[in-house]
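Visitor: Sequence first, predicted model second:
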Amino acid sequence: QVQLVESGGGLVQAGEALTLSCLVSGRTLSAGTLGWFCQTPGKEREFVAAVSLDMTYYADSVKGRFTISRDNAKNTVRLQMNSLKPEDTAVYYCAAASTIYHASFFFKSQSSYAFWGQGTQVTVSS
């Protein structure tokens, strides 16, 4: 049984940094693409970042500020978020796919991911 558990969310001020972690159990990290999505009230979940083997992909809004990484020894995928902005405020979800995707059509799509965490709130004050 695959389970994803996020941690690391919280309240920070604009310009500060935060690192989200997602502990993956029931499968290895390399079994498929791993992604982070975010959601604000009334909106659909939006793609933030993904890692497929050694390739990383980012939404334009976070390029240069966020970094996704895998820690295979700890079966954990992380999202390092720097220079946070109030518009980054959202619930952040970790997701795992059963396939390795390199095409944006797939890794940016929620439906490509079979497993999801419960989400962790990130709030950035101005």
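Guide: Cool, the structure landed. Numbering: from 1, shown residues only.
Visitor: tell me the contacts of Trp116?
Guide: Leu4, Tyr93, Cys94, Ala95, Ala96 (C-beta atoms under 8 Å, 6 or more residues apart in numbering). Yep, even glycine has a C-beta here, placed from its N, CA and C like the rest.
Visitor: Look up how far Ser126 lies from the residue most central in space within the chain.
Guide: Of all residues in the chain, the one closest to the mean position by C-alpha atoms, centre = their mean is Trp36, 1.9 Å from it. From Trp36 across to Ser126, the span is 23 Å (C-beta to C-beta, to the nearest Å).
Visitor: Ala103 now?
Guide: Applying C-beta to C-beta, the value for Ala103 to Ser126 is 36 Å.
Visitor: Ser69 now?
Guide: 28 Å.
Visitor: Name the residue in those two with the higher neighbour count.
Guide: Set Ser69 next to Ser126 and count neighbours by other C-beta atoms under 10 Å: Ser69 wins out with 14 against 9.
Visitor: now the more buried one, what's its secondary structure?
Guide: Three-state call for Ser69 (DSSP: H, G, I helix; E, B strand; the rest coil): strand.
Visitor: Now do the nearest residue to it once chain neighbours are set aside: how many residues are near it, please.
Guide: Excluding the flanking residues, the one nearest Ser69 by C-beta to C-beta, 6 or more residues apart in numbering is Arg78, at 5.1 Å. When counting by other C-beta under 10 Å, one arrives at 19 neighbours for Arg78.
Visitor: residues contacting Arg78?
Guide: Neighbour list for Arg78: Thr19, Leu20, Ser21, Cys22, Ile68, Ser69, Arg70, Asp71 [criterion: C-beta under 8 Å, 6+ apart].
Visitor: how near is it to Glu44?
Guide: For Arg78, the distance to Glu44 - C-beta to C-beta - is 24 Å.
Visitor: what does Gly8 give?
Guide: Counting by C-beta to C-beta, the gap from Gly8 to Glu44 is 23 Å.
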